[in-house]
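A.B. asks: sequence and computational prediction follow.
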Amino acid sequence: MILTPAPFSVSLPPMRLIIKCFILLCLFNALTLPIRAETGMRVYLATDWKAQAEHGGFYQAKARGLYKKAGLNVRIIQGGPTVNVPQLLATKTVDFAMGSSFAALNLVAAGVPAKAIMAGFQKDLQVLITHPRQDIRSIADMKGKPIMIADNTITKFWVWLKAKFGFTDSQIRKYTFNLAPFLVNPQAIQQGYLSSEPYLIEKESGIKPQVFLLADEGYPSYATIIMTQQDWIDQHPDKVQAFVDASIQGWMEYIYGDPSPGNALILKANPDMTQDVIDQAIRVLREHEVLVSGDAARLGIGAMTEARWERFFKTMSKYGVYDANLDWRAAFTKIGAPLLQQHLLIKTIKQLIKA
């Protein structure tokens, strides 16, 4: 059965458009996630940070019972600055783990038989942030200037920045996820995430920072990637597919429907999170089309392509992050390829965004 969206009138108020889209999402849910009789297999998902809107689709799928309908009893384990999520997956402490393109390739390099099964975000929302200043109008203008970055960034997108813009390690200053050093220094530059630090800086100081998105300059990484071990794929292929399908539905509902069920779980899991931070993050994720741009526009939400993985690997191996002979194709699988006619829903969503 092909789900054909009804035509939308751009003259309708945005809320009515969202309601129509939400109805379509419910239909999609009914088609792709039939209720199953079994109690549900318990599985553990480790996220890459504390509960936040950037993980909202997974919390939405849990709150709305989408995983339960798919025969899964999903427990979400929060990440954080001291949590080594790839290690949790490597030791089989968890069944699914969230990470980046780097995380998946690092596991291959370490000999861990794990693969990425879906890319939640088609864009990595890593940014560099400055105070308003005349001498910096682009990332290229930051060459030679001190930049605060986290330790684990040095072997990740910092490598790409060095390759593309000629940055050097002498520019590195330590970023500890504390905004105070940035706020008190008008010359400061720091890393951040588009849906987080820029809003918090403006909220705390009244300063509207300059924000430079790495993806706009060609940074090729996917984000919010979900990985699992190869034996899980071999032994439970139906459960892996069910997890991907339910997660995709959770993301569609969270970004383009009513996110309140997922938000309730996020706020419960992370007492430091606030509703205003969540609300603006959802707005940023929607505006930047993280779910429905890139490969997803053609192949469906969660999609990954060999061509993009190859581009990412070759970029990083060229500058010594990975051995050029590493089997980069072992880092991902297309088991998470979207089902049915997702592209029709994506087309509808894009119409809503433009309206």
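C.D. replies: Received it, and whenever you're ready, just let me know what you need. Numbering: from 1, shown residues only.

A.B. asks: mind listing what Ala223 touches?
C.D. replies: With contact set as C-beta atoms under 8 Å, 6 or more residues apart in numbering, Ala223 has these partners: Ser100, Ala119, Gly120, Phe121, Lys123, Asp124, Leu125, Val290. Where you see a C-beta, it was placed from the backbone N, CA and C, and this is true even at glycine.

A.B. asks: outline the domain layout of this structure.
C.D. replies: 14-121+221-354, 126-217 (automatic domain parsing).

A.B. asks: dump the contacts of Ala223 to CSV, plus pLDDT.
C.D. replies: Shown next, in CSV, are those (pLDDT from 0 to 100):
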residue, pLDDT
Ser100, 92
Ala119, 95
Gly120, 95
Phe121, 96
Lys123, 94
Asp124, 95
Leu125, 96
Val290, 94
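
A.B. asks: take those residues and keep only those in strands.
C.D. replies: Within the contacts of Ala223, residues falling in strands by DSSP state E are Ala119, Gly120, Phe121.

A.B. asks: and which of those residues is nearest to Tyr322?
C.D. replies: Ala119 (18.9 Å; C-beta to C-beta).

A.B. asks: would you confirm that that closest one contacts Ile225?
C.D. replies: Yes: using C-beta atoms under 8 Å, Ala119 makes contact with Ile225 at a distance of 5.3 Å.

A.B. asks: so which of the two has more stuff around it?
C.D. replies: Ala119 (31 against 27; other C-beta atoms under 10 Å).

A.B. asks: tell me where the stretch 151-300 of the chain has helices.
C.D. replies: 157-165, 180-183, 197-205, 230-235, 237-256, 260-269, 275-287, 296-299 (DSSP state H, counting those that start in this stretch).

A.B. asks: winner for burial among these?
C.D. replies: Mean neighbour count (mean count of other C-beta atoms under 10 Å) peaks for helix 237-256 among those, with a mean of 24.

A.B. asks: hey, what's the angle from it to helix 260-269? Just curious.
C.D. replies: Helix 237-256 runs at 100 degrees relative to helix 260-269, counting by axes from the mean of the first three to the mean of the last three C-alpha atoms, to 10 degrees.

A.B. asks: could I have the CA atoms of helix 237-256 written out in PDB?
C.D. replies: Extracted in PDB, the C-alpha atoms of helix 237-256 (Å, rounded to 0.1, in the frame of the first residue of the first chain):
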ATOM      1  CA  PRO A 237      17.900  -9.200  12.200                       C
ATOM      2  CA  ASP A 238      14.200  -8.700  12.700                       C
ATOM      3  CA  LYS A 239      14.800  -7.000  16.100                       C
ATOM      4  CA  VAL A 240      17.400  -4.700  14.600                       C
ATOM      5  CA  GLN A 241      15.100  -3.700  11.800                       C
ATOM      6  CA  ALA A 242      12.200  -3.200  14.300                       C
ATOM      7  CA  PHE A 243      14.400  -1.000  16.400                       C
ATOM      8  CA  VAL A 244      15.400   1.200  13.400                       C
ATOM      9  CA  ASP A 245      11.800   1.400  12.200                       C
ATOM     10  CA  ALA A 246      10.500   2.400  15.600                       C
ATOM     11  CA  SER A 247      13.300   5.000  16.100                       C
ATOM     12  CA  ILE A 248      12.600   6.600  12.700                       C
ATOM     13  CA  GLN A 249       8.900   6.900  13.600                       C
ATOM     14  CA  GLY A 250       9.900   8.300  17.000                       C
ATOM     15  CA  TRP A 251      12.000  11.000  15.300                       C
ATOM     16  CA  MET A 252       9.300  11.900  12.800                       C
ATOM     17  CA  GLU A 253       6.800  12.400  15.600                       C
ATOM     18  CA  TYR A 254       9.200  14.200  17.800                       C
ATOM     19  CA  ILE A 255      10.300  16.800  15.300                       C
ATOM     20  CA  TYR A 256       7.100  17.200  13.300                       C
END
